[in-house]
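In: Prediction below, plus the sequence it came from.
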Number of protein chains: 2
Amino acid sequence: MSTTIKMIAHKLSLSVATVSKALADSHEISKETKLLVSNAAQEMGYVRNPYASSLRKGRSKTIAIVIPEIADSFFAEAINGIEEVALLQGYHVLIYLTHESLLREQAILQDFRSGRVDGILMSVSEETNDTEHIKTLMESQVPVVFFDRVCEELNTTCVVTDDFESSFIATNHLISKGCSKIAFMGNSINLAINRNRVNGYIEALKQNGLSDYQNVVICGKDKEISQQIFADLLSGPERPDGMILSVEKLSAMLYQICEDMMIDIPSQLKVLTFTNFNMAQFLSPSLTTVKQPAFQMGKVAATALLRKLSFNNTLAEPETVILPSVITFRKSTS
Amino acid sequence: MSTTIKMIAHKLSLSVATVSKALADSHEISKETKLLVSNAAQEMGYVRNPYASSLRKGRSKTIAIVIPEIADSFFAEAINGIEEVALLQGYHVLIYLTHESLLREQAILQDFRSGRVDGILMSVSEETNDTEHIKTLMESQVPVVFFDRVCEELNTTCVVTDDFESSFIATNHLISKGCSKIAFMGNSINLAINRNRVNGYIEALKQNGLSDYQNVVICGKDKEISQQIFADLLSGPERPDGMILSVEKLSAMLYQICEDMMIDIPSQLKVLTFTNFNMAQFLSPSLTTVKQPAFQMGKVAATALLRKLSFNNTLAEPETVILPSVITFRKSTS
DNA sequence: TTGAAAGCGATACCAA
DNA sequence: TTGGTATCGCTTTCAA
């Protein structure tokens, strides 16, 4: 049985009210009493029951991270950034994975209507084409801050990177290296992030008169299907000579397929990936990357959310923060 | 304001007790009433307040993951496995990072004395040489299950991989490839996992009469210091011709240093890493790895913890589950 | 400066 | 099968 305020009160012959206030460092309580209480608390190993506190206060000092997956260096790093900020402000962090399923995402957000969390940091799933579940939650005063995979149509704070520009630069880079048939491998078209990257790609093609070969390929979450798509594309008549991978895990897949099909990177196919992966430089061939500022994005998103919470979700107007990605040219596109 | 049991009761002219029982699918309640209640709940968008429930029941249906870091493919995958099991059984998952700090680990566990979580899944920090904080928690009936970085001296369930054997095989492999001066780069000697690996290494050296060059190097969490240690080791008179990296992130560091110092892998130095990393095969040179079954370890650990919880932490005797790692030989040790 | 008491929402005991 | 009510531990208002 853990120590309660009541026990402390009993021991010191004080009321629970006084003890509660003392522990909260209320100005109504005398210095001496505070000292007495905090000593007793220390000694008795008292830790405030968070559930009683949450129930009473209507706030849980807990936030949720809702993301598609975790075995991805971007999300792992972003969590790192979020955790750092949360810890500093005394918040606890619940983690939920949607595994790219809208149904799961809906179920998770549905649960949040219970008041389990004070706010949410979220990157939507590939399947999220309907945002009612998110809207509903926001309407019931649970602030949501998006990062990376945002919903642009929802009026709230978003933390993203410069997807259009990065993609534009990346495409131009491939073109400058002699590519004329560049394929863009993305995930769901539902995602604004993907649309922005696609648009950057298309714009670059257009400016270079290469729109004849405009090839946006959607690879879903299913690994086998993606592999088949790659294999078909690379063995087809109109084989690309350049590829932009919008999803980290496609890199390993493509490297494998190229090895199997004996396609040389970069001489036969130039490749570039949007990833946060820190070993790109040591791959064979070393991989040209657009590296997102994952840690920073996590920090900024968490900071924005906690600010909303401390301002009681008022006067914090929605904003879009754009943090720059860094493109590093390596052998895979040389 | 979210819907409460009281509101449902009011709407249906029932008592809160009845509604509560109906929602819990109690046998005391008639089929008709249950249907009535569940319909109303659905319609009103009712979600049980978890904090009120936890307060009353003394259980939170929440577990914590306490790990050193998250930007590491092992831990990321392990979380994946944990989350899967937790979700299936209706548990929520709080995540805490110690960043290899004992102080932080103690503070986190201290908080758990509040009843915030029903159980804990944990991999200890490098600095954890004192386990009082863990013992205290276990004594207050909060079950702890260790995975990967376990505390062998604490009497509870541990999920590990075959560290001694893997390390033994790995060392023998290097020896069979002609190495005679093999260095073992580990993290804290506090960690049983590290000791087991070191012992496997030492045993292999001994059996091959190579104990003259027995070199266990401790790289802490500080990146600069580790780099210096590597640089010194590789520029010293007794430069090793083989290296076992016990920590994933040392791989990138070593590849970089070898590039800078123009040391060729594998001709001048053979390298092998304990990692869960899925692109090892595409590194240059491709990296020989001991791959831990991270996802599976997460699943097994979570399953064990939840079983303890459902059995009220009785009759679940402590056990040690050993899941095998897979060693894959590649160019870095050829 | 301190204390009594109501109440957060759900659960569980006991009574009807 | 249903309902009244005490209770979980803490916070907060109001009174002393």
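Out: Happy to help now that I have it.
In: helix or strand for the residue nearest to A:Phe74 when sequence neighbours are not counted, which one?
Out: Spatial nearest neighbour of A:Phe74, chain neighbours left out: A:Asn276 (4.2 Å); criterion: CB to CB, 6 or more residues apart in numbering or on different chains. (C-beta placed from N, C-alpha, C; glycine too.) Using DSSP states H and E, A:Asn276 falls within no helix or strand.
In: Run a quick neighbour tally on A:Asn276.
Out: 24 (other CB atoms under 10 Å in any protein chain shown).
In: Distance of it relative to DNA strand C?
Out: Using CB to the nearest atom of the strand, to the nearest Å, one obtains 40 Å as the distance from A:Asn276 to DNA strand C.
In: Check whether the closest residue to DNA strand C within the stretch 51-200 of chain A sits in a helix, strand or coil.
Out: Closest approach between the stretch 51-200 of chain A and DNA strand C, counting by CB to the nearest atom of the strand: A:Arg56, at 3.5 Å. What DSSP: H, G, I helix; E, B strand; the rest coil gives for A:Arg56 is helix.
In: so what's it up against?
Out: Applying CB atoms under 8 Å, 6 or more residues apart in numbering or on different chains to A:Arg56 gives no contacts.
In: and the next element down the chain from the host helix or strand of A:Ser166?
Out: Using DSSP H and E, A:Ser166 sits within helix A:163-176. Next along the chain after helix A:163-176, taking DSSP H and E as the criterion, comes strand A:182-186.
In: now the angle from that next one to helix A:163-176?
Out: Interaxial angle of strand A:182-186 relative to helix A:163-176 (axes from the mean of the first three to the mean of the last three CA atoms, to 10 degrees): 150 degrees.
In: Which residues outside strand A:182-186 are in contact with it?
Out: For strand A:182-186, using CB under 8 Å, 6+ apart, the contacting residues are A:167, A:171, A:174-175, A:194, A:197-198, A:201, A:205, A:210, A:213, A:215-219, A:230, A:233, A:240-247, A:250.
In: mind listing what's buried in the next helix or strand after that strand?
Out: Counting by DSSP H and E, the next helix or strand C-terminal to strand A:182-186 is helix A:192-207. Neighbour-count burial for helix A:192-207, counted by 16 or more other CB atoms under 10 Å in any protein chain shown, picks out A:192-198, A:200-205.
In: and stretch A:126-141, is it in reach of DNA strand C?
Out: No. Stretch A:126-141 is not in contact with DNA strand C by CB under 7 Å from any atom of the strand; minimum separation 12.5 Å.
In: Wondering if that stretch reaches chain B at all.
Out: Yes. Counting by CB under 8 Å from any CB of the partner chain, chain B has neighbours in stretch A:126-141: A:Ser140.
In: can I have that stretch written out in PDB, keeping just the CAs?
Out: Taking Å, rounded to 0.1, in the frame of the first residue of the first chain, the C-alpha atoms of stretch A:126-141 are listed here in PDB:
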ATOM      1  CA  GLU A 126      -1.400   6.300 -45.100                       C
ATOM      2  CA  GLU A 127      -5.000   5.400 -45.100                       C
ATOM      3  CA  THR A 128      -6.200   8.500 -43.500                       C
ATOM      4  CA  ASN A 129      -8.500  10.100 -46.100                       C
ATOM      5  CA  ASP A 130     -11.200  10.800 -43.600                       C
ATOM      6  CA  THR A 131     -10.400  13.200 -40.700                       C
ATOM      7  CA  GLU A 132     -13.700  13.100 -38.800                       C
ATOM      8  CA  HIS A 133     -12.100  11.300 -35.900                       C
ATOM      9  CA  ILE A 134      -9.500  14.000 -35.500                       C
ATOM     10  CA  LYS A 135     -11.900  16.900 -35.900                       C
ATOM     11  CA  THR A 136     -14.200  15.400 -33.300                       C
ATOM     12  CA  LEU A 137     -11.400  15.200 -30.800                       C
ATOM     13  CA  MET A 138     -10.200  18.800 -31.500                       C
ATOM     14  CA  GLU A 139     -13.800  20.000 -31.100                       C
ATOM     15  CA  SER A 140     -13.900  18.400 -27.600                       C
ATOM     16  CA  GLN A 141     -10.900  20.600 -26.700                       C
END
